[in-house]
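Peer 1: what would the 3D arrangement of this be:
(chains A and B)
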Amino acid sequence: MGYYISRRLIHAIVVIFGVLTVVFFLVRLTGDPTVHLIPIGATQEDIAQVRKEIGVDQPIYVQYYRFIRKGIQGDFGMSIRYKQPAFNIVIERLPATLELTVVAFAFMVVIALPLGILAATNKNSIIDLFSSTVALFGQSVPTFWLGFVLILIFSIKWHMFPSSGHRGFLSLVLPGITLGAFSASLLTRMTRSSLLEVLNSNYITTARAKGLSETVVILKHALRNAAIPIVTIIGLQIGPLLGGAIITEQVFAFPGMARLVVQAVLNRDFPVVQAFVVVVSALISLINLIIDVIYCFLDPKITYE
Amino acid sequence: MNNLLFKISRDKKALIGIITITLIILTAVFAPLISPQNPSKQEISKRLSPPYFLGGEFAHFLGTDPLGQDILSRIIYGTRISLIVGIASVIGAGFVGFVFGIISGYFGGRIDNIIMRIVDLQMAIPFLVLAIAVIAVLQPGLKNIMIVLIITGWVRYARVARAQTLVIKENEFIKAAIALGSTRFRLIFSDIVPNIIMPILVLSTLEVGQMILAESALSFLGLGIQPPTPSWGGMVADGRDYLSVAWWVPTFPGLAILITVLGINFLGDWLRDHFDPKLRNI
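Peer 2: Now for the predicted structure:
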């Protein structure tokens, strides 16, 4: 198990290095990196200062080394717009985004698992048709538009939930549903197909032949074996959810990272974009690492790999 | 081909998909003929006027947006942008991924390792985060959106192409071809490519829908297609501040996206179930 976890840990570190490298080269691909790191209308002295800081006159590997060294310490330079360290600005907005992601994640699991299980156990029934249709819609609907439709119905028409901002749990309901819809559809389909596959196996027939009740067969025998692909998919949704939060936040004027980042792109505030990309990717690697470790406890087979 | 069309016509889902897609393509091609108004003509005096069925003018059947532009005409022209971006980025990403996937699977060893590590790395970064990083450097615009979608999309094809190549490579007929002195080039093009093209085509169909969704999301954020060019995502964003007074501004363009992607997914799902049951869970 130790070997497995350490391998995963190395993988996570490699990913973070990779992301830093991608960001480093992205900025340099278009030519002079200072273009992205200075405000429009900066003086010659400012430009000279930034050039000295990132060391454009040095060979590329020296620049790379400096960038990585600073990046690991969370130093991505000063935000052009806010005149504060870019890293701090991103970190400040992170908790709200995480909160939204957690709500969406919970929504996904609570909706998708029962729907998928019901669809699989009642194959070709009206429930199955309903869940497949909902899932197909969920995978085709643009997130931001779904958000607007929910606002129109539940905020403007019925006044049930606030349409924007971040005040208390009620303000997280609509954004959470909006963000979780796509992943929930995916998970519903996955749960259904993994469970169906297991339900066709011989040991399920045996369990039924033993005279076990259908509930026991499904909950104890089938679901346990279908759990591994399902848990994998659940884990894989964290990245898309965290990334997708940007769109949802924009719809609900939610005070997370989204507005900051979109503005940063439009204002050419590249230090903030850099910090954002690295922070989010590092966070996802970390969460995935934790999931892998949990997984390792869930599935004894992995230990012997 | 005829056989395929016959099969599609017998399946309701596939039929709905193909009819929807055909109608959308026709709309895009004949946009100037069927569009009732000039999509960029602004009539400020008629801004936010309601759709015809809510008491608006027939000339603005689906109402007008905050600049007084005709929503129906903009949706019709927006079809072009969505289809161009969707199809072009799928062709681009599909080509890049296909080539790297085959190279990776066929040659194996170090080159396989390098390509697959890049794929792994990219899979670890969410689409939107990577897209934002690339757009921050390239700046928004039609051409750059396609570049972004190709950069973010090629990995999925590479994985499928590599996996399929690995399977095909072990077949007897490949060994026979090598024994007969077939060159590498010939082996790849006449033995491997034809045998792995179908899963790639199935994936491509489904990806067109995803690419259209991705483009609309970026345009919605203001990082994609820039106004005055009509794009569905941008049109939905235009309605953000007018939700309570003019619900039709964001609703109809969003419906256009939903219908288009739904049509593509209907067909894609059917193709997947039909040609490649193994891919069912992707």
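Peer 1: helix or strand for residue 274, which one?
Peer 2: Looking at chain A here, since you left the chain open. Secondary structure assignment for A:Q274, by DSSP states H and E: helix A:270-298.
Peer 1: nope, chain B please
Peer 2: Assigned by DSSP H and E, B:H274 belongs to helix B:248-275.
Peer 1: flag every buried residue along that helix.
Peer 2: B:248-258, B:260-272 (16 or more other Cβ atoms under 10 Å in any protein chain shown). Where you see a C-beta, it was placed from the backbone N, CA and C, and this is true even at glycine.
Peer 1: residue nearest the middle of chain A, spatially speaking?
Peer 2: Closest residue to the average C-alpha location of chain A: A:G239 at 2.4 Å, with Cα atoms, centre = their mean.
Peer 1: any idea how far B:L243 is from chain A?
Peer 2: 6 Å (Cβ to the nearest Cβ, to the nearest Å).
Peer 1: no, scratch that, I was asking about B:W270
Peer 2: Taking Cβ to the nearest Cβ, one finds B:W270 at 12 Å from chain A.
Peer 1: do I have it right that that residue meets B:G17?
Peer 2: Yes - taking contacts as Cβ atoms under 8 Å, B:W270 lies within contact range of B:G17: 6.7 Å.
Peer 1: from the chain's centre, how far out does the helix holding B:H274 sit?
Peer 2: 10 Å (Cα atoms, centre = their mean, to the nearest Å).
Peer 1: likewise for stretch A:197-207?
Peer 2: For stretch A:197-207, the distance to the chain centre is 34 Å (Cα atoms, centre = their mean).
Peer 1: again, but for stretch A:181-188
Peer 2: 13 Å.
Peer 1: tell me if it is near chain B.
Peer 2: No - if you take Cβ under 8 Å from any Cβ of the partner chain as the test, stretch A:181-188 misses chain B, and the best it gets is 8.9 Å.
Peer 1: also stretch A:39-53?
Peer 2: No - for a cut-off given as Cβ under 8 Å from any Cβ, stretch A:39-53 has no contacts with chain B; the smallest distance is 13.1 Å.
Peer 1: now do the buried residues in that stretch.
Peer 2: Under 16+ other Cβ under 10 Å, the buried positions of stretch A:39-53 are A:47, A:50-51.
Peer 1: if we can go back for a sec, tell me what whichever strand or helix holds the residue nearest to the centre of chain A is packed against?
Peer 2: In this assignment (DSSP H and E), A:G239 forms part of helix A:238-251. Other helices and strands packing on helix A:238-251, by 3 or more Cβ pairs under 8 Å, 6 or more residues apart in numbering or on different chains; DSSP states H and E, are helix A:86-121, helix A:143-150, helix A:170-199, helix A:257-266, helix A:270-298, helix B:127-138, helix B:193-220.
Peer 1: so for B:I178, which of those helices sits nearest?
Peer 2: helix B:193-220 (15.1 Å; Cβ to Cβ).
Peer 1: shaky segments in the stretch 1-150 of chain B?
Peer 2: B:1-2 (pLDDT under 70).
Peer 1: need the helices for it, in chain order.
Peer 2: In the stretch 1-150 of chain B, the segments counted as helices under DSSP state H, counting those that start in this stretch are B:2-10, B:12-29, B:31-34, B:71-107, B:109-124, B:127-138, B:142-169.
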